[in-house]
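Student: Turn this into a model:
(2 chains)
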Amino acid sequence: MEAHVAEADAHSHPTAGLYVKIALVLFLVTFLEVAAYELSHRGGNAEAVMGPILIPVLLVLSAVKFALVAMFYMHLKQDSKLFTGLFVFPLIIAAVIAVSLMVLMSYHLHYNAGLV
Amino acid sequence: MSDHSHALEHHTATGLDSRKVAIWTFIGSECMFFASLIGTYLVYHGKSLSGPTAGETLEIPLVTGGTAVLLFSSFFVVMALNGAQRGNRRSLLFWLSATVLAGLSFVGMQIYEFSHFVHEGLTIKTNLFGATFYTLTGFHGTHVSIGVLWLATLLILAFRGKITPEKAINLEIAALYWHFVDVVWVVIFPVVYLMKDWKP
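Tutor: Sure, this is the predicted structure:
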């Protein structure tokens, strides 16, 4: 039975060709991240354009890479939705904790500096 | 033990393999662990009273190379899993060896980076940046090292012919852990390195 399960898993997982395509996209997105960073530090027009949007651009590109690895390499797209729940639910809690911590500490530090 | 009882040993009432449920639950808990470290790093970013700061210390080219190596190692391990599930021993051995080498390269890069920073005067006790940077990247590096040991163990088993298609689940579980270590770095790389000059 376990052999059948392994065989079924092998058939439901993406093909090697798709894995190669995802690897190329991941490499391209990493290149774009570094390019965005370099543009924002180059000076002149490039810095004027990229500087203010660097952080949102990096966050979006990072989220794209994260989603691609989770969906295709970790097989969340094909596997049971229970696994997606086990991963995404703590991830949401984690993100809320991190953002709350930043907001709380930002307020605290401004309060101590007499700015609030 | 019969095949039937062996199968019952690993499958839950949901029909899912209990080992996969376990590793996903563990990964979920790890998400919160790393979120607390990343959150702490961001809270204290730019709050150091003395140098060296992130902007003065961190170097992008070396770490970009390390990031690419770690991303490719995720590709290598899915190719190894693909080989294992199809009973292609040659493919399994080649890609799993590549994964272990890539993991070792990343750990080597991090050891070089840490020793360079210590030489430059940044230790875990120097300032807030040093404390939060070494804690975050050090814990990640420890996870990578554990992953390398795990995959190297599986590589030895694969050389002995013990990773058959029926046992490919053992590699799949290790691969899930490895991909998680990779996605954590996908977040750390832009947050710590590319946003090093960010002023909160």
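Student: lowest-pLDDT helix or strand in chain A?
Tutor: For chain A, counting by mean pLDDT, DSSP states H and E, helix A:2-12 ranks last in confidence among helices and strands (a mean of 48).
Student: For residue 90, pull up the helix or strand it's in.
Tutor: I went with chain A, as the question did not name one. Using DSSP states H and E, A:Pro90 sits within helix A:81-112.
Student: Chain B was what I was after
Tutor: helix B:89-119.
Student: Quick check: buried residues in that helix?
Tutor: Residues B:91-93, B:95-100, B:102-107, B:109-110, B:113-114, B:117 are the ones in helix B:89-119 that count as buried (16 or more other CB atoms under 10 Å in any protein chain shown). Glycine gets a C-beta too; all of them are placed from N, C-alpha and C.
Student: Equivalent analysis for stretch A:52-68, please.
Tutor: Residues of stretch A:52-68 classed as buried: A:Leu54, A:Ile55, A:Val57, A:Leu58, A:Leu61, A:Ser62, A:Val64, A:Lys65, A:Phe66, A:Leu68 (neighbour count, 16+ other CB under 10 Å).
Student: and the host helix or strand of the second one, is it in reach of chain B?
Tutor: In this case it means A:Ile55. Using DSSP H and E, the element containing A:Ile55 is helix A:44-68. Yes - Helix A:44-68 is in contact with chain B by CB under 8 Å from any CB of the partner chain, via A:Leu54, A:Ile55, A:Leu58, A:Leu59, A:Leu61, A:Ser62, A:Lys65, A:Phe66.
Student: can you count the residues close to the residue lying closest to the first one once chain neighbours are set aside?
Tutor: For A:Leu54, ignoring the flanking residues on the chain, the nearest one in space by CB to CB, 6 or more residues apart in numbering or on different chains is A:Ser40 at 4.4 Å. Number of residues near A:Ser40 (other CB atoms under 10 Å in any protein chain shown) recorded here: 22.
Student: What is the nearest of the buried residues of stretch A:52-68 to B:Lys47?
Tutor: A:Ile55 (17.8 Å; CB to CB).
Student: contacting residues for that closest one?
Tutor: B:Met195, B:Trp198 (CB atoms under 8 Å, 6 or more residues apart in numbering or on different chains).
Student: tell me the centre residue of chain A?
Tutor: A:Ala63 (2.6 Å; CA atoms, centre = their mean).
Student: neighbouring contacts of the helix or strand hosting A:Ile22?
Tutor: Here A:Ile22, judged by DSSP H and E, is contained in helix A:16-40. Contact with helix A:16-40 is made by A:14, A:46-47, A:49-51, A:54, A:57-58, A:61-62, A:64-65, A:68-69, A:72-73, B:60, B:64, B:67-68, B:71-72, B:74-75, B:78-79, B:82, B:189-190, B:194, as judged by CB under 8 Å, 6+ apart.
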